[in-house]
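> sharing a sequence plus its predicted fold:
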Amino acid sequence: MAGFSEVTRVENAIKNKNVKELEWSLWYCGMRQAVPSARPADLKYWGGMEAKVSEALAPPAAAKVYPAKKKRAGRGLGMGPVG
């Protein structure tokens, strides 16, 4: 049976993070939701898939960098300034 090839294509695009395939998948999910004969279960499924595709297509969030506390000069193991 050769059915559901679009579903596997969307899932593979999410798994492999291929940008062109993700863009196609985003279009396809939107198209499946816009069909007038779509059932509520179909709308829910393709809406969830669209959210997954959008999440995979978005760039990763930058890691938060906290400022480091500056150390005072001449502090250490009690030796004081050398020289």
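Looks like it arrived, so ask away.

> what about this protein, any weak spots by pLDDT?
For the chain, residues meeting the criterion pLDDT under 70 lie at 1-4, 74-83.

> looking at it, which helix is longest?
Under DSSP state H, the helix in the chain containing the largest number of residues is helix 40-57.

> and that helix, how far out from the chain middle?
13 Å (C-alpha atoms, centre = their mean, to the nearest Å).

> also stretch 53-69?
Offset of stretch 53-69 from its chain centre (C-alpha atoms, centre = their mean): 10 Å.

> mind listing what's buried along it?
Within stretch 53-69, the residues scored as buried using 16 or more other C-beta atoms under 10 Å are V53, A56, L57. C-beta here means a position set from N, CA and C on the backbone, and glycine is covered the same way.

> report the backbone C-alpha coordinates of stretch 49-64 in PDB.
What follows is stretch 49-64, C-alpha atoms only, in PDB (Å, rounded to 0.1, in the frame of the first residue of the first chain):
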ATOM      1  CA  MET A  49       1.700  18.700  12.800                       C
ATOM      2  CA  GLU A  50       1.900  22.300  11.700                       C
ATOM      3  CA  ALA A  51       3.000  23.300  15.200                       C
ATOM      4  CA  LYS A  52       5.700  20.700  15.100                       C
ATOM      5  CA  VAL A  53       6.900  21.800  11.700                       C
ATOM      6  CA  SER A  54       7.000  25.500  12.800                       C
ATOM      7  CA  GLU A  55       9.000  24.500  15.900                       C
ATOM      8  CA  ALA A  56      11.500  22.600  13.800                       C
ATOM      9  CA  LEU A  57      11.700  25.400  11.200                       C
ATOM     10  CA  ALA A  58      12.400  28.100  13.900                       C
ATOM     11  CA  PRO A  59      16.000  28.800  14.700                       C
ATOM     12  CA  PRO A  60      17.200  27.400  18.100                       C
ATOM     13  CA  ALA A  61      17.000  29.800  21.000                       C
ATOM     14  CA  ALA A  62      20.300  31.300  22.000                       C
ATOM     15  CA  ALA A  63      21.600  30.100  25.300                       C
ATOM     16  CA  LYS A  64      21.300  32.600  28.100                       C
END
